[in-house]
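Sequence and predicted structure, then a few things I'm wondering about:
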Amino acid sequence: MAQKKNTAEKVRELIEATVAELGYEIWDVEYSKIGTERHLEITIDSENGIDLTDCEKVHRAIEVIIDEADPIEEMYYLDVSSPGLERSIRLPEHFEKCVGETVEFKLFSQFEGKKSVIGELMSYDRENDKATIREKNGKEYVIERKLISKANTYFEM
């Protein structure tokens, strides 16, 4: 039996080609409820970074596609944004793209005495869904993704 796609997956499929034609990649698509309002957030990225003009360009292009396909029954707000300096790492492809970057993993419970780990993402094993992170002191941790409550790139000022 085929697995039913969620709203974010449906929207991603609808807009992916158009976003790519415009010269961007989709970092993430999230459909969520904030208070009483529904939000469809499309996060885009490019090698040159993202600014407000990029977000507006993509917003105008995808709004028509989403409206025509009408995958969302209720009223919602469409937001197009940049992933920012401390981008969220949620999907396997995010972990793969962030190898070599400094990241922070916040954990659901203590792992080897730590509730969070900051360090270089050394590798991501998609098959076993595990990430290897090395702290500045050289200590390495191999952490299953299911133990990570929140992961993001880490920017030290």
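Yes, it's here.

going forward, measure contacts and count neighbours with C-alpha atoms only.
OK.

Need the residue closest to the centroid of the chain.
Asp28 (4.3 Å; C-alpha atoms, centre = their mean).

hang on, it packs against Glu16?
No: assessed by C-alpha atoms under 8 Å, Asp28 is found out of contact with Glu16, at 10.7 Å.

burial count for the residue nearest to Leu85 when sequence neighbours are not counted?
Excluding its sequence neighbours, the residue lying closest to Leu85 (C-alpha to C-alpha, 6 or more residues apart in numbering) is Phe155, at 6.6 Å. As a burial measure, Phe155 scores 12 neighbours (other C-alpha atoms under 10 Å).

What are the boundaries of the strands in this protein?
All strands of the chain, identified by DSSP state E, fall at 25-34, 37-45, 77-81, 102-111, 114-125, 130-134, 140-144, 148-153.

what bridges to Phe105?
Val117, Ala151 (DSSP bridges).

neighbours of it, just the number please.
By the criterion of other C-alpha under 10 Å, Phe105 has 24 neighbours.

measure it to Leu14 for me?
Distance of Phe105 to Leu14, computed by C-alpha to C-alpha, to the nearest Å: 31 Å.

One more: Ala69?
Ala69 is 8 Å from Leu14, by C-alpha to C-alpha.

Just want to know which of the two has more residues nearby.
Leu14 (16 against 11).

residues contacting the more buried one?
Residues in contact with Leu14 (C-alpha atoms under 8 Å, 6 or more residues apart in numbering) are Ile65, Ile66, Ala69.

do you know how far Ile34 is from Tyr141?
Computed as C-alpha to C-alpha, the Ile34 to Tyr141 distance reads 34 Å.

Looking at these two, which has the bigger crowd around it?
Tyr141 (18 against 8).

Cross-check the contact I'm expecting between that one and Lys130.
No: taking contacts as C-alpha under 8 Å, Tyr141 lies outside contact range of Lys130: 9.9 Å.

Give the burial count for Leu147, as a bare number.
Leu147 is flanked by 15 other residues according to other C-alpha under 10 Å.
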